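Asker: how would this look folded up:
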Amino acid sequence: MSDFRSLDASEVRYDDRGLVPAIVQDALDGRVLMMAWMNAESLALSLETGSTVFWSRSRQEIWAKGATSGNVQVIEAVSMDCDGDTLLFQVQQVGAGACHTGARSCFDLPPVVEP
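Answerer: Numbering: from 1, shown residues only. All right, here's what the predicted structure looks like:
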């Protein structure tokens with residue numbers, strides 16, 4: 001397991017609402033599980049606890065992924081993109097899935113455009 005706590009959170013570039021997109025990927029197979037928003041507090045809590053914590057734009061509150069469903073995401077690694085304005089979390093998905101619908105991924109819908 002990598003030491004994700006070494007991420008320099010001061011280098012994260014938040015938008016004008018104080019948010020940064022967080023992409024969550026399965027550490028085992030690379031599948032994208034979900035995308036959610038983080039603020040400085042939820043990022044700090046994620047790094048502190050080792051599980052993903054996000055900012056709910058609709059409820060305007062912090063939410064720990066899996067707190068009610070049990071579908072927790074254990075952080076294996078965290079990285080930033082080259083601009084510092086997007087985070088990538090590689091996680092071990094515990095429980096049925098990452099999506100609020102119960103699906104493994106929020107991207108389980110059929111492709112809108114096929115090659």
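
Asker: mean confidence score for stretch 107-115?
Answerer: Average pLDDT, stretch 107-115: 78.

Asker: so how far is it off the chain centroid?
Answerer: Mean-position distance between stretch 107-115 and its chain equals 21 Å (Cα atoms, centre = their mean, to the nearest Å).

Asker: do a quick rundown of the helices in the protein.
Answerer: With DSSP state H as the criterion, the chain has helices at 40-49.

Asker: show residues contacting stretch 95-109.
Answerer: 24, 31-35, 65-66, 69-73, 93 (Cβ atoms under 8 Å, 6 or more residues apart in numbering). Glycine gets a C-beta too; all of them are placed from N, C-alpha and C.

Asker: and stretch 27-43, what's buried?
Answerer: 27, 33-34, 36-39, 42-43 (16 or more other Cβ atoms under 10 Å).

Asker: where along the chain do the strands fall?
Answerer: 20-26, 32-38, 53-56, 61-64, 73-80, 87-93 (DSSP state E).
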